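> Quick one: sequence plus predicted model below, questions after.
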Amino acid sequence: MKKRRKGRMGMGGDFKHSFKIEERAELALTVYNVGFQKCPSGYGWGPGVRDHFLIHYVVSGKGIYDNGGRTFVLQKGETFLVRPEEIVYYRADEEEPWEYYWVGFSGPAAALLLAQTPFTRQHPVLRPAAGERLRQALLDIYKARGTDYPSAVRMAGYLQAALGLLMEPQGERGEEALSLYARRGSAYMQQNYSRSISVEEAARQAGVSRSCLYRAFRAEFGCSPSAYLTRYRIQRACQLLRYSGLSVGEVAASVGFEDRLYFSRAFRRETGYSPTEYRNGRQLP
């Protein structure tokens with residue numbers, strides 16, 4: 001695993017310290033590059049695309065971030081996410097150029113972990129409550145830099161800690177926090193609906209109690225977590241009944257129902273039809 005390290009101080013007080021991996025370790029979460037920079041006036045990158053995720057956290061100054069034609073003005077305390085293959089552009093302010101910390105990363109776990117943060121494609125900019133702790137976590141990744149496999153593992157560990165800070169809902173308004181909890185819980189259900197999971201598991205993944213998750217789902221989706229899970233499973237069952245050759249019992253098992261009779265009752269409750277009736281053409285629009 002090769003590295004490329006940069007460190008320089010500009011005449012205007014700007015500086016850049018960066019570390020880039022040339023040969024990337026095969027990990028579930030892999031750091032590609034990391035560093036911190038006080039940008040010169042008007043310094044920018046793009047328009048262009050990355051082949052990995054990239055997070056910047058602004059510690060001072062101002063700048064703009066253009067994502068798919070939408071322009072965001074950022075300042076101290078805000079962070080922005082670049083996703084792979086998105087056309088983006090970002091530039092430091094002319095009068096108050098920003099200083100930021102960043103980390104680039106990828107791996108099979110990257111998208112799953114980011115799904116547990118408030119980042120969405122519609123909202124690629126956040127003001128995280130973690131603040132200084134996030135800056136320190138990004139600096140810890142840089143301090144752990146190295147070209148060997150143990151260093152890659154350590155950097156991945158600090159990156160996971162940084163992403164954990166972005167998941168914290170502290171400091172958000174009550175409705176925003178409930179929405180975040182509900183989205184975390186629903187994402188877990190959608191990723192694990194085919195196995196026997198419980199509301200308690202979903203609550204743990206969302207970082208809240210079962211009762212809090214219940215309030216969050218009622219506010220966000222208008223139903224309880226268990227009702228949401230059942231509806232999602234039935235939606236998936238409808239797809240399998242329409243487009244697969246699986247038997248009703250196999251469909252039931254595929255969407256997380258261990259008891260075929262219970263599946264049939266739940267299916268009729270949700271759709272008004274038995275699974276066999278649904279398959280034979282009496283399908284909902």
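Thanks, I have it.
> Now for the most centrally placed residue in the chain: which residues touch it?
Nearest residue to the geometric centre of the chain (CA atoms, centre = their mean): Leu114, 1.6 Å. By CB atoms under 8 Å, 6 or more residues apart in numbering, the contact list for Leu114 reads 53, 81, 163. The C-beta positions use only the backbone N, C-alpha and C, and glycine is treated the same way.
> Can you get me a residue count around the first one?
Here the neighbour count serves as a burial measure; for Phe53 (other CB atoms under 10 Å) it reads 22.
> could you list every residue that touches it?
81-84, 104-106, 110-111, 114.
> returning to that earlier point: got TSV for the contacts of Leu114, with pLDDT, distance to Pro124 and secondary structure too?
Converted to TSV, the contacts of Leu114 look like this (pLDDT from 0 to 100; distance: CB to CB, whole Å; DSSP: H, G, I helix; E, B strand; the rest coil):
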residue	pLDDT	distance to Pro124	secondary structure
Phe53	97	11	strand
Leu81	97	5	strand
Leu163	94	15	helix
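> export these to TSV and tack on distance to Met155?
Listed next are the contacts of Leu114 as TSV, based on distance: CB to CB, whole Å:
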residue	distance to Met155
Phe53	14
Leu81	19
Leu163	13
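> between the residues you listed, which is nearest Arg269?
Comparing these against Arg269 with CB to CB places Leu163 closest, at 38.7 Å.
> I'd like the distance between that closest one and Ala203.
20 Å (CB to CB, to the nearest Å).
> do the same with Gln37
Distance, Gln37 to Ala203, by CB to CB: 40 Å.
> A strand includes Trp102, no?
Yes. Under DSSP: H, G, I helix; E, B strand; the rest coil, Trp102 sits within a strand.
> Please name the nearest non-neighbouring residue to it.
Ranked by CB to CB, 6 or more residues apart in numbering and with sequence neighbours excluded, the top spatial neighbour of Trp102 is His56, at 4.6 Å.
> Give me the secondary structure label for that neighbour.
Strictly by three-state DSSP, His56 counts as strand.
> just checking, it touches Ala92?
No. With contact defined as CB atoms under 8 Å, His56 does not reach Ala92; the gap is 11.1 Å.
> Helices along the stretch 51-200 of the chain, start to end?
Counting by DSSP state H, counting those that start in this stretch, one finds helices in the stretch 51-200 of the chain at the ranges 110-114, 132-143, 149-167, 174-192, 199-206.
> quick one: contacts of the third one?
By CB under 8 Å, 6+ apart, the residues outside helix 149-167 that reach it are 1, 21, 25, 27-31, 34, 55, 79, 103, 105, 107, 113-114, 116-119, 126, 128, 130, 133-134, 137-138, 140-141, 144-146, 184, 207.
> Separate out the buried members of the contacts of Phe53.
Among the contacts of Phe53, those buried by neighbour count (16 or more other CB atoms under 10 Å) are 81-83, 104-106, 110, 114.
> gap between Gly35 and Val88?
From Gly35 to Val88 the distance is 18 Å (CB to CB).
> okay, now the domains of the chain?
Under the assignment automatic domain parsing, the domains of the chain span 3-167, 174-222, 227-279.
> Where among these is average confidence lowest?
The stretch with the lowest mean pLDDT among the domains of the chain is domain 174-222, at a mean of 86.
> Now do that one: distance to the chain's middle.
15 Å (CA atoms, centre = their mean, to the nearest Å).
> repeat for stretch 233-249
Going by CA atoms, centre = their mean, where stretch 233-249 is centred and where its chain is centred differ by 29 Å.
> Please enumerate residues in contact with it?
Taking CB under 8 Å, 6+ apart as the rule, stretch 233-249 contacts 193-194, 251-252, 254-257, 260, 263-264, 266-267, 270-271, 275-276, 278-279, 283-284.
> Go through that stretch and flag the buried ones.
233-234, 236-238, 240-241, 248.
> and what of stretch 196-214?
197, 199, 201-203, 205-208, 212-214.
> next one: stretch 22-34
Quick answer for stretch 22-34 (16+ other CB under 10 Å): 24-25, 27, 29-34.
> Please apply the same query to stretch 31-49.
For stretch 31-49, the neighbour count (16+ other CB under 10 Å) marks 31-40, 43 as buried.
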